[in-house]
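S.K.: Curious how this folds, go ahead:
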Amino acid sequence: MSLLPEQERALAYVRRRGTEAPLEAIRSRVAGTYAEIEALVEGVAEGLARQRPEPGSWSVLEVVDHLVESDRPAVAQLRELLAGRSSEQVIAAGMQSTDPSAQAWTALLASFRAVHGEILALLDGADDTLPLTATAPVEMVVKHTAPEGTLRPVHWVERFDWKAYAILLHAHNREHISQVQRILGKIHAPE
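M.R.: The predicted model follows:
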């Protein structure tokens, strides 16, 4: 089956910014993105973090919960890849905890920082000489413009080496930075 242009662009990005890139550039991107999203959400009051801008959409708290729930198993997967072991576990694209709203905002933020710290520590312990032969499956999601002009998500599973995997963690969090900014733009916080 041939790939859609959006899929091809996503895979080219992962290859260029991940597999073919030096570790220093990858780590810098991951660290920068983590610092940016942490600063963005830590400035949100708990009451505001729990508000949904519209029915059926996620709140900021739910976005952070999703990132914690998906990045937590990614730590183990990245560790395996760095050790040269392939993985078969696919981390679902829409993961959330059983009841995100039951979590205390400050505790969730602490978990968010901790997971990011674990990923950065793994990258700190890596180097460009580590082989890229081990791979892990990732559920990829891109938005495709259908012939009638509507956007629809396209899901597929692709296998990636540790460098590509790391840059995907960066890209995933970048996507959610935009989502959090849109949510905050729709919810007007009291001055």
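S.K.: Strands of this structure, start to end?
M.R.: 136-145, 151-160 (DSSP state E).
S.K.: Deepest-packed of those, please.
M.R.: Each of the strands of the chain was given a mean neighbour count from mean count of other C-beta atoms under 10 Å, and the largest, a mean of 16, is that of strand 136-145. C-beta here means a position set from N, CA and C on the backbone, and glycine is covered the same way.
S.K.: and for that one, what are the contacting residues?
M.R.: Where contact means C-beta atoms under 8 Å, 6 or more residues apart in numbering, the residues beyond strand 136-145 that reach it are 4, 6-7, 9-10, 77, 80-81, 86-93, 151-160, 165, 168.
S.K.: where in this protein is pLDDT low?
M.R.: Scanning the chain for pLDDT under 70 picks out 188-191.
S.K.: so what's the residue nearest in space to the middle of the chain up against?
M.R.: Averaging the C-alpha coordinates of the chain gives a centre point, and the residue nearest to it by C-alpha atoms, centre = their mean is His172 (2.7 Å). With contact taken as C-beta under 8 Å, 6+ apart, His172 is in contact with 67, 70-71.
S.K.: looking at it, Asn173 is touching Ile37, isn't it?
M.R.: Yes: with contacts defined as C-beta atoms under 8 Å, Asn173 counts as touching Ile37 at a distance of 5.3 Å.
S.K.: and the angle from the lengthiest helix in the chain to strand 136-145?
M.R.: Among the elements of type helix in the chain, defined by DSSP state H, the one spanning the most residues is helix 162-186. Angular relation of helix 162-186 and strand 136-145 on a 0 to 180 degree scale: 40 degrees, by axes from the mean of the first three to the mean of the last three C-alpha atoms, to 10 degrees.
S.K.: Helix 162-186: how far from the chain's middle?
M.R.: 5 Å (C-alpha atoms, centre = their mean, to the nearest Å).
S.K.: for stretch 71-84, same thing?
M.R.: In this view, stretch 71-84 has its centroid 14 Å away from the chain centroid, taken as C-alpha atoms, centre = their mean.
S.K.: cool, stretch 1-21 as well?
M.R.: Relative to its parent chain, stretch 1-21 has a centroid offset of 16 Å by C-alpha atoms, centre = their mean.
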